[in-house]
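Visitor: structural data only, the sequence is not supplied:
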């Protein structure tokens, strides 16, 4: 808002407004996020509108009245921000919506799944993406036969008997291999992912 000739702000008007905006910003998180100069300008523009309607007082400036007008304006701004926040809280977003515009962006449902994979308060909780990396590292430490066994039991979903038949080894030997695999995963902090 541009000031017209004869509407210049006086120093006391700016000082009162700066003081009140500073106080409100310290007390309110929503106003603290706003730029100080933007709030100052909005309050001063409102004061100019109110001041135009006032009859000039020859005895002195209406400092107390101005302070009340600015406080009311800041209170209204707080209420507007609060109402906008509540309205935003009720906006719904589809879980199938992508998080960002890119083609390979995960959906919100993917993020929820990742959040569920971590147990709060668990000292050994592992992020799902980090677990994939750690599992890949642990698999590299296994023998080729142990990796094949992991693939048969995990990805292909075979039973112990079927895996033993496919690998042509006795079940007792297969159980020993599974013990070694479990120990290797536990050494890498991945015992919960077996």
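Guide: It's in. Owing to the predicted nature of the structure, the values given are computational and were not obtained by experimental measurement.
Visitor: so where's the longest helix in the chain?
Guide: Ranked by residue count and defined by DSSP state H, the top helix of the chain is helix 63-89.
Visitor: just checking, what packs against that one?
Guide: For helix 63-89, the packing partners by 3 or more C-beta pairs under 8 Å, 6 or more residues apart in numbering; DSSP states H and E come out as helix 11-27, helix 29-32, helix 36-52. For glycine as for every other residue, the C-beta is placed from the backbone atoms N, C-alpha and C.
Visitor: okay, domains of this protein per the record?
Guide: 11-89, 127-193 (automatic domain parsing).
Visitor: nearest to residue 107, out of these?
Guide: domain 127-193 (14.4 Å; C-beta to C-beta).
Visitor: and the closest one, average pLDDT?
Guide: Here domain 127-193 scores 80 as its mean pLDDT.
Visitor: and the residue nearest to residue 14 when sequence neighbours are not counted, how many neighbours?
Guide: Sequence neighbours aside, residue 44 is the residue nearest to residue 14 in space, at 7.2 Å (criterion: C-beta to C-beta, 6 or more residues apart in numbering). For residue 44, the neighbour count with other C-beta atoms under 10 Å is 22.
Visitor: give me the distance between residue 44 and residue 35.
Guide: Per C-beta to C-beta, to the nearest Å, residue 44 is found 14 Å from residue 35.
Visitor: hang on, the earlier thing: nearest to residue 106, out of the domains of the chain?
Guide: domain 127-193 (10.2 Å).
Visitor: in stretch 43-57, what's buried?
Guide: Neighbour counts over stretch 43-57 (16 or more other C-beta atoms under 10 Å) mark 43, 44, 46, 47, 51 as buried.
Visitor: turn the residues you listed into JSON lines, including pLDDT.
Guide: As requested, those are exported to JSON lines (pLDDT from 0 to 100):
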{"residue": "43", "pLDDT": "92"}
{"residue": "44", "pLDDT": "92"}
{"residue": "46", "pLDDT": "91"}
{"residue": "47", "pLDDT": "90"}
{"residue": "51", "pLDDT": "87"}
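Visitor: can I get those residues in CSV with distance to residue 154?
Guide: Putting these into CSV (distance: C-beta to C-beta, whole Å) gives the following:
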residue, distance to residue 154
43, 64
44, 68
46, 66
47, 70
51, 76
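Visitor: could you dump the helices and strands packed on helix 63-89 to CSV with distance to residue 177?
Guide: Formatted as CSV, the helices and strands packed on helix 63-89 follow (distance: least, C-beta to C-beta, whole Å):
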stretch, distance to residue 177
helix 11-27, 65
helix 29-32, 58
helix 36-52, 67
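Visitor: so what's residue 145 up against?
Guide: Counting by C-beta atoms under 8 Å, 6 or more residues apart in numbering, residue 145 touches 167, 177.
Visitor: check which helix or strand covers it.
Guide: Using DSSP states H and E, residue 145 falls within helix 144-150.
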